[in-house]
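Peer 1: 3D model of this:
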Amino acid sequence: MKKFCTGMLVLTLLLSFTGCSTETSTSTDASSSNLIYETTISPNEKYITKESDQVFYTIQVYQEKNGVKVASSSNSAFFQAMSYQVETSEPITKENINVQWQTLMGNTEDSKGDQFAVADVTISVQGKVISERKVSFIGKALDMATDAIENK
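Peer 2: Sure thing, here's the model as predicted:
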């Protein structure tokens, strides 16, 4: 339990003092695909004092020949690139896509100590969910916290 609490403390501190890199890291090159949906949030916008510390998380969904590609991007130093494909013969529109932002604790309302870190991406066709996946924007921070716990 002590290791868990220490890990959560380290993770909270990392998230509280998250800095940004000058470049946005994107998980895929989707230039040959058709962008059908995009959403961007800033999880720390309400809690920073310097604009240069502002973090952005973006989810993009592209229509492809055999389905859709979901790609994530961020300017956070703790972002680990991720993309995945969902195969379907049905065309997907923005109305078929829902992204719900969640905190690490699973809340849909954020706070300074529990900021948004995960996008729950749901894709439906004709009212039926064909894909629901969580995209983490703090993968590197979790890896660092795990390493800190294991090395104690």
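Peer 1: Just list the residues touching Pro91, thanks.
Peer 2: Shown in contact with Pro91 (CB atoms under 8 Å, 6 or more residues apart in numbering): Gln63. (C-beta placed from N, C-alpha, C; glycine too.)
Peer 1: Give me the neighbour count for the closest residue to Gly139 other than its chain neighbours.
Peer 2: The shortest distance from Gly139 to any non-neighbouring residue, by CB to CB, 6 or more residues apart in numbering, is to Gln80 (3.3 Å). For Gln80, the neighbour count with other CB atoms under 10 Å is 17.
Peer 1: repeat for Gln54
Peer 2: 15.
Peer 1: likewise Tyr57?
Peer 2: Tyr57 has 24 neighbours, counted by other CB under 10 Å.
Peer 1: So in terms of bridging, what pairs with it?
Peer 2: Counting by DSSP bridges, Tyr57 is bridged to Ile41, Ser74.
Peer 1: got it, and Ala119?
Peer 2: Trp101, Val135.
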